[in-house]
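J.: Starting from these lines, generate the structure:
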Amino acid sequence: MTAKEYLEQLPDMRIRIKAFQQKICEYKARASDTSAKLTGQHSENSSGKIERNVDKAIDMEAELKAMIAEFEAFELRAEQQIGRLPTGMYSGLLFNRYINGMTWEEIAEEIDKGVEYVRKELHSKALAEFSLCYPDYPRLSPCILPKKE
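T.: Have a look, this model is predicted:
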């Protein structure tokens, strides 16, 4: 796993958490919608749908809670690692990109450099410094990514 793959897990985990939250809302809405339609009526089939949707929402909420805890621990560790890099420019670049989710254009504007220079040159150097300072970073990863061949 490269330093870039390691750090890219942060925005990937944020996306996954948001998707889980949306799916939980869908299950709750389905259960609510089904129960609203049942007012005054009782059906074994409809009651089962409500129960299944509620059960799915509960199961996903438990999984989401664990996922958020894992994300928060990983984010804190990454923030600390990035913050301890010796070169302030590299630390700021990685922090803005992976923690704050800034685009290359926003970062380039902030440091008054060209976008391609920031994306290719400075980013590569920042990742190299990160790898040098934290050679064990893959071992600390919350996710195991397949190796590229």
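
J.: Using neighbour counts, pick out the buried residues of the helix or strand harbouring Gly48.
T.: Assigned by DSSP states H and E, Gly48 belongs to helix 44-83. Residues of helix 44-83 classed as buried by neighbour count (16 or more other CB atoms under 10 Å): 49-50, 53-54, 56-57, 60, 64, 67, 71, 74-75, 78, 81-82. Where C-beta positions appear, they are placed from N, C-alpha and C, glycine not excepted.

J.: Pick out whichever of the residues you listed sits closest to Asp136.
T.: Among those, Gln81 lies closest to Asp136 (CB to CB), at 10.4 Å.

J.: What does the residue lying closest to the closest one once chain neighbours are set aside show for phi and psi?
T.: Nearest residue to Gln81, sequence neighbours excluded (CB to CB, 6 or more residues apart in numbering): Tyr134, at 5.5 Å. Taking degrees, to the nearest 10, you get phi -130, psi 70 for the backbone angles of Tyr134.

J.: give me the number of residues near Tyr134?
T.: By the measure other CB atoms under 10 Å, the count of residues near Tyr134 is 19.

J.: What segments of this protein are helices?
T.: 3-37, 44-83, 88-94, 104-111, 115-116, 123-133 (DSSP state H).

J.: Could you list every helix and strand that the third one packs against?
T.: In terms of contacts (3 or more CB pairs under 8 Å, 6 or more residues apart in numbering; DSSP states H and E), helix 88-94 is packed against helix 44-83, helix 104-111, helix 123-133.

J.: can you rerun that using 7 Å?
T.: Judged by 3 or more CB pairs under 7 Å, 6 or more residues apart in numbering; DSSP states H and E, helix 88-94 is in contact with helix 44-83, helix 123-133.

J.: Also the fourth one?
T.: Counting by 3+ CB pairs under 7 Å, 6+ apart, the packing neighbours recorded for helix 104-111 are helix 115-116.

J.: roughly how far apart are the residue nearest to Gln81 and Ala128?
T.: As for Tyr134, its distance to Ala128 is 11 Å (criterion: CB to CB, to the nearest Å).
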